[in-house]
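Engineer: With the sequence up front, the predicted model follows.
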Amino acid sequence: QVQLVESGGGLVQAGGSLRVACAASGRSFSNYVMGWFRQGPGKERDFVASISASGGSTAYADAVTGRFTISRDNAKNTVYLQMNILNPEDTAVYYCAARRDLFLRRTYARESEYDYWGQGTQVTVSS
């Protein structure tokens with residue numbers, strides 16, 4: 001069982017940067033693939049980024065490629081999402097997700113592939 005708690009959301013101006021974090025409780029964090037998803041106002045929840053259990057592989061949605069970076073610190077049981085050059089279209093609740101997976105270099109982009117979810121953190125980008 002894994003519990004996920006996001007933090008770091010807030011209000012930022014367009015063009016600015018923000019880093020959100022997700023702290024995981026439980027053991028064997030390094031055996032979990034981690035992902036970030038987001039749900040904007042009136043929209044479905046969409047994939048943002050994923051990082052493999054080892055941290056050696058990452059994947060991004062086209063909309064954030066080149067602006068967002070996912071990383072993890074297995075010693076701290078934490079995954080991060082660094083968001084740069086933010087624009088109002090990035091406004092959303094950002095969710096952290098986890099999936100136990102022993103394939104160290106695999107990433108996942110579908111909601112159904114994740115087993116555990118956090119409560120989300122709000123990111124608002126003003127124009």
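Structural biologist: That came in fine, so what should we check first? Residues are numbered from 1 along each chain as shown.
Engineer: how close does Asn31 sit to Val5?
Structural biologist: Asn31 is 19 Å from Val5, where distance means C-beta to C-beta, to the nearest Å. Just so you know, the C-beta spots here come from the backbone N, C-alpha and C atoms, and that holds for glycine as well.
Engineer: sorry, that was for Arg106
Structural biologist: From Arg106 to Val5 the distance is 24 Å (C-beta to C-beta).
Engineer: for Arg105, what are its contacts?
Structural biologist: Ser52, Ser54, Gly56, Ser57 (C-beta atoms under 8 Å, 6 or more residues apart in numbering).
Engineer: and the last one, how many neighbours does it have?
Structural biologist: Think Ser57. Using other C-beta atoms under 10 Å, Ser57 has 15 neighbouring residues.
Engineer: Do I have it right that it meets Thr107?
Structural biologist: Yes - contact criterion C-beta atoms under 8 Å: Ser57 and Thr107 qualify, at 5.4 Å.
Engineer: can you list residues touching both of the two?
Structural biologist: The overlap between the contact sets of Ser57 and Thr107 (C-beta under 8 Å, 6+ apart) consists of Ile51.
Engineer: Show the residue spans covered by the helices in this protein.
Structural biologist: All residues of the chain lie outside helices when identified by DSSP state H.
Engineer: Quickly note the distance from the nearest residue to Phe68 once chain neighbours are set aside to Arg27.
Structural biologist: Excluding the flanking residues, the one nearest Phe68 by C-beta to C-beta, 6 or more residues apart in numbering is Met83, at 5.1 Å. Remark: distance between Met83 and Arg27 (C-beta to C-beta) = 29 Å.
Engineer: Between the two, which has more neighbouring residues?
Structural biologist: Ranked by neighbour count (other C-beta under 10 Å), Met83 and Arg27 place Met83 first, with 24 against 10.
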